[in-house]
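any chance you could fold what I've pasted below:
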Amino acid sequence: MKTPVQQKYYKTFDGTKIGYQVIGTGKTPFILCNGLGGSSVGWSPIYNKLGRKFKFITWDYRGLFTSDKPKDMNRLSVEDHCRDLQWLLKKEKISKAIFGGWSMGVQVCLDYYRKNAKQYRGIFLINGTYGYVLETALNSKLTRHIVPAVNQLLIKALPRIQPTLQPLASYVINSRDFINIVEKLGMIHKNLDSEIFKEVAHAMMQTDLSTYVKLLDRLSEHSAADVLEKIKVPTLIVSATRDVMTPSWVAEDMAKKIPGAELLIVNNGSHYSLLEFPEIIVTRLEQFLKEYF
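Numbers count the residues shown, from 1 in each chain. As a prediction, the model looks like this:
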């Protein structure tokens, strides 16, 4: 059963219009921090199952999907996303919640804890890292050198090529072979919910891709390593054995550093494990929530 999604908006600290979604009829607030390029639909296996028990709230990062770009394009850091989150919680009058993060959202979730620990009842982290993402991505030390250089080239080129790239990308995403190709590249598992994946991919291609690359560039500067040992709320971490973006050994390290953290590693799952093995992950999350909340 699909849970209705309410689309709302607010203006944040620097006047940027931010789009956000409220999902579910439960009383307990559950804040979801998206991955970079991910939207609320990516969390649907969770809120469709738990929407009667929790009120899920998530937002689109500045410059993506329903959120406007900031006037100052230097305002794209993790710290800026955290300030957007702070203003969102004030608007929704939420003083305490469970927080979840996927991919980049893990770093947003951890960084927000740095100054707002009293607002946390618990933490759910999936397919993410706590440190400099390019230090561990693809399990290669070359990533931290290659990706920033490529990013700079893309930032200059994308404004010119995106009008041509968008229709081409839409054609590729709609093709029968799209999912098969991505699977053969080792980026996803065959269990993937292809409809949700395609919906996210299509939405991503309609955004300003140069802004996306700038967001990735700023993310690469961020680390919340110093926060881990300070966490004092129940924490569940989920990772996957075939996640090349945020390898499972990073999650294992994170679980060791967060006091009392629990860890689930999904066998054969990729960076999109929630869309590949939703029953395993949602069942474990339910157990975690029943135990502590």
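
state the distance from residue 37 to residue 117.
From residue 37 across to residue 117, the span is 28 Å (C-beta to C-beta, to the nearest Å). Where you see a C-beta, it was placed from the backbone N, CA and C, and this is true even at glycine.

more neighbours: those two, which one.
Using other C-beta atoms under 10 Å, the more surrounded residue of residue 37 and residue 117 is residue 37, with 21 against 13.

that one and residue 200 touch, don't they?
Yes - taking C-beta atoms under 8 Å as the definition, residue 37 is a contact partner of residue 200 at 7.4 Å.

skipping adjacent residues, who's closest to residue 19 in space?
In space, and not counting its chain neighbours, residue 19 is closest to residue 66: 2.7 Å by C-beta to C-beta, 6 or more residues apart in numbering.

and the one you found, what does it touch?
Residues near residue 66 by C-beta atoms under 8 Å, 6 or more residues apart in numbering: 7, 9, 19, 20, 60.

from residue 100, how far off is it?
Remark: distance between residue 66 and residue 100 (C-beta to C-beta) = 20 Å.

save the contacts of residue 66 as TSV, and put in pLDDT, distance to residue 163 and secondary structure too.
Shown next, in TSV, are those (pLDDT from 0 to 100; distance: C-beta to C-beta, whole Å; DSSP: H, G, I helix; E, B strand; the rest coil):
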residue	pLDDT	distance to residue 163	secondary structure
7	98	27	strand
9	98	27	strand
19	98	23	strand
20	98	29	strand
60	97	22	coil
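
would you list those residues in TSV and tack on distance to residue 262 and neighbour count?
Formatted as TSV, the contacts of residue 66 follow (distance: C-beta to C-beta, whole Å; neighbours: other C-beta atoms under 10 Å):
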residue	distance to residue 262	neighbour count
7	33	11
9	36	14
19	33	19
20	28	21
60	29	23
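
from those, pick the one nearest residue 88.
Distance to residue 88, by C-beta to C-beta, is smallest for residue 20 among the contacts of residue 66, at 5.9 Å.

which residue lies nearest the spatial centre of this protein?
residue 35 (1.9 Å; C-alpha atoms, centre = their mean).

now do the contacts for the residue lying closest to it once chain neighbours are set aside.
Among residues not flanking residue 35 along the chain, residue 103 sits closest, at 3.1 Å (C-beta to C-beta, 6+ apart). Residue 103 sits next to 34, 35, 36, 38, 126, 127, 128, 245, 246, 271 when contact means C-beta under 8 Å, 6+ apart.

can you map out the helices along the stretch 101-250 of the chain?
104-116, 133-136, 143-174, 178-184, 194-205, 209-219, 248-257 (DSSP state H, counting those that start in this stretch).

give me the neighbour count for the residue lying closest to residue 245 once chain neighbours are set aside.
Distance criterion C-beta to C-beta, 6+ apart; nearest residue to residue 245, sequence neighbours excluded, is residue 271 at 4.5 Å. Neighbourhood size, residue 271 [other C-beta under 10 Å]: 24.
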